[in-house]
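Chemist: I would like to see how this sequence folds:
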Amino acid sequence: MFLPRRRFLGSSIFLLGGALTEAMATPLWKWTDAGLLQAVKAAPVGSSGGSPVQFTDIAHQAGLNVPNVWGGVDHKRSILEAKGSGLAFFDYDHDGWLDIYLTNGDRLDTHWPAGKAPTAHLFKNNRDGTFTDVTERSGLGVTGWQTGVCIGDYNNDGWDDLFCCFWGHNILFRNNGNGTFTDVTRKAGLYQQSFRWGAGCTFLDYDRDGLLDLFVCNYIHLEPKDIPAPDDKHFCQWKGVPTLCGPRGLPGGTNALFHNNGDGTFTDVSEKSGILKPGPRYSITAVSYDFDNDGWPDIYVAVDSQPSILFQNNHDGTFTDTAVGAGCAYSEGGHEQAGMGVAVADYDCDGFFDIFKTNFADDTSNLYHNNGDGTFTDMSFPAGLGVNSQYVAWGCGFIDYDNDGWQDILQINGHVYPEIDSYHFGQTFKNQRLVYRNLSNGRFKDVSPEMGPGITEHFSSRGAAFGDFDNDGGMDALVLNMNDLPSLLNNTGTRGNWIKLKLIGTKCNRTAIGARVRVTTGTHTQMDEVHSGTSVMSQSDLRLHFGVGTSQVVDVVEVKWPTTQKVEKFTQIKVNQILTIREGEGIVPASKLR
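Modeler: As a prediction, the model looks like this:
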């Protein structure tokens, strides 16, 4: 898949800044150098004016006053202290408004006074732009190095549950429907005796039986005894600077797949399903989408310092890793990368889901374009995303921030070595965020400087979740900042029209994970799927959001339910509203959210 010609062109594009013409029909590896230079000269310059949309961090005003605690502030001696964690936007009480779940960590060698240890927190949306901390009553205020979180109604009781990954032992919290949660990990058969470093996770119904199964990424095999002592003089180097070690040289974790038995319990089918065949990997984030349009959910896994994984669903309870042959395991030049976060969308509206993956500094993020034949092409440079290589990139999301009907990209950054601030590498521990505007021609433009203080402010960030917390039709972002308060990026300004869909399964899983929606306005068709997990170890809004520009009416909304594969169509839908669609019943009142 990785021809020498393509590697040469990739380096040429880097030197030329990544600008290419709108004519994306010719594959990159077929371009001549002369054609490439002509393309650069013909590339549109774009507007130099400010964006009509601004992102402002309103976390403090909103009441999100709990700081993240994660390892040392000025120095980190273990990779555990550098990795950080995710968070979640989810409507735990089904009142139609997004609530917030913040993970938290710990510090090495710290003995906290009674009641002072950092915990995870649950914040209820007050529907007025503020949130109330309801952690104490909820039962979610656990202490530990919590990394990832994903959401799904595993028991189909109408209330979305939380699966939380930890360095140590993961926890399944059942939503009791009254504002409280219960740890049912052992009862559900998900407790594992061995000490593991869980990272990202995703609920999916891989066998389409109407019950949500669970895929869990395990990062590194690292036990407490393996943490270097404070006076340990052994260290690794990055650009000549003494730093923590890893992940290379450390034993990788093995991912896990748990099958839902339908009685509140799960069975570990990792070996039987083929999930273990790729061997140990430094897996961080997983997400499930139907990438080959065969009606069965596949799994993509962002892997650190090793080839990433694409598990193709074989329709018989097994999976095959096809990432290398499909062209989404490595960089465009055929190199292993430090994969962190994953976002999925049909960014060019050709009917196939594409993949955006974030990586470490001195590398670029990947934009794997789905060719529709089981393969992907890394279009990072020709799409204009190769202009930033100085950041350690983490959370990411495809969000149509201006509601023009084309998915843009928001990328969250933050270095792992606080020590680099003492050097002059052109890189810093705290970084701004990045916004790439979709130009609707296969290309993106970095518009970060125009997007307001919520984007240009500097943090060392990790997880990010995306959703419309104030239900005003603008996609917002929730960001975890290491050893700092979180950011709640409010999307304000002039946007296009929109439609938002809350899906409820009856024959499929209640959360409707895997349901595919197509929205058509005129000749323009967008699509998305309800999904669990994504970004970096985080959970975004389970509702599907579509910008429709100046359209006053959505011509067709088409919902394909995952278990039966039946399609329901709705026509002439008014814009700027949130619709609840229940499988087999059509559009129902917003009060029937369960």
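Chemist: Quick check: chain neighbours aside, which residue is closest to the spatially most central residue of the chain?
Modeler: Nearest to the geometric centre of the chain sits Ser535, at 1.4 Å (CA atoms, centre = their mean). In this structure, Ser535 finds its nearest non-sequential neighbour in Gly395, 4.4 Å apart by CB to CB, 6 or more residues apart in numbering. For the C-beta atoms, the positions are set from N, CA and C on the backbone; glycine is no exception.
Chemist: ok so, going back, for the residue nearest to the centre of the chain, what are its contacts?
Modeler: 86, 285, 341-343, 395-397, 412, 463-466 (CB atoms under 8 Å, 6 or more residues apart in numbering).
Chemist: Narrow those to those in strands?
Modeler: Within those, membership in strands is found for Thr285, Val342, Ala343, Gly395, Cys396, Gly397, Ile412, Gly463, Ala464, Ala465, Phe466, as judged by DSSP state E.
Chemist: Helices of the stretch 151-300 of the chain, start to end?
Modeler: 270-273 (DSSP state H, counting those that start in this stretch).
Chemist: hmm, back to that, just the contacts of Ser535 now: which is nearest His169?
Modeler: Gly86 (17.4 Å; CB to CB).
Chemist: That closest one reaches Leu480, doesn't it?
Modeler: Yes. Checked against CB atoms under 8 Å, the pair Gly86 and Leu480 is within contact range at 6.7 Å.
Chemist: These two: which is more packed in?
Modeler: Taking neighbours as other CB atoms under 10 Å, Gly86 and Leu480 compare with Gly86 leading, 34 against 30.
Chemist: What subset of the contacts of Ser535 is buried?
Modeler: Buried subset of the contacts of Ser535 (neighbour count, 16 or more other CB atoms under 10 Å): 86, 285, 341-343, 395-397, 412, 463-466.
Chemist: got CSV for those, with pLDDT and distance to Pro449 too?
Modeler: What follows is the buried ones among the contacts of Ser535, written out as CSV (pLDDT from 0 to 100; distance: CB to CB, whole Å):
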residue, pLDDT, distance to Pro449
Gly86, 97, 27
Thr285, 98, 28
Gly341, 98, 22
Val342, 98, 26
Ala343, 98, 22
Gly395, 98, 20
Cys396, 98, 19
Gly397, 98, 20
Ile412, 98, 17
Gly463, 98, 24
Ala464, 98, 20
Ala465, 98, 24
Phe466, 98, 21
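Chemist: Least confident secondary structure element in this protein?
Modeler: helix 4-15 (a mean of 30; mean pLDDT, DSSP states H and E).
Chemist: Let me see the contact set for the nearest residue to Gly177 once chain neighbours are set aside.
Modeler: Using CB to CB, 6+ apart and skipping the chain neighbours, the partner closest in space to Gly177 is Trp159 (4.5 Å). By CB under 8 Å, 6+ apart, Trp159 lies in contact with Tyr92, His94, Asp153, Asn175, Asn176, Gly177, Arg594.
Chemist: rerun at 10 Å
Modeler: Contact analysis of Trp159 by CB atoms under 10 Å, 6 or more residues apart in numbering lists 92-94, 153, 174-178, 181, 510-511, 594.
Chemist: Highest neighbour count among these?
Modeler: Tyr92 leads the contacts of Trp159 on contacts (other CB under 10 Å) with 28 neighbours.
Chemist: Quick check: that one vs Leu172, distance?
Modeler: With distances taken as CB to CB, to the nearest Å, Tyr92 is found 15 Å from Leu172.
Chemist: and what of Ser365?
Modeler: Distance from Ser365 to Leu172, by CB to CB: 32 Å.
Chemist: same deal with Val588?
Modeler: Val588 is 29 Å from Leu172, by CB to CB.
Chemist: repeat for Glu583
Modeler: 25 Å.
Chemist: Ok, Gly426 next?
Modeler: Applying CB to CB to Gly426 and Leu172 gives a distance of 44 Å.
Chemist: quick one, which of these two is more surrounded?
Modeler: Neighbours around Gly426 and Leu172, counted as other CB under 10 Å, are more numerous at Leu172. The numbers are 23 against 8.
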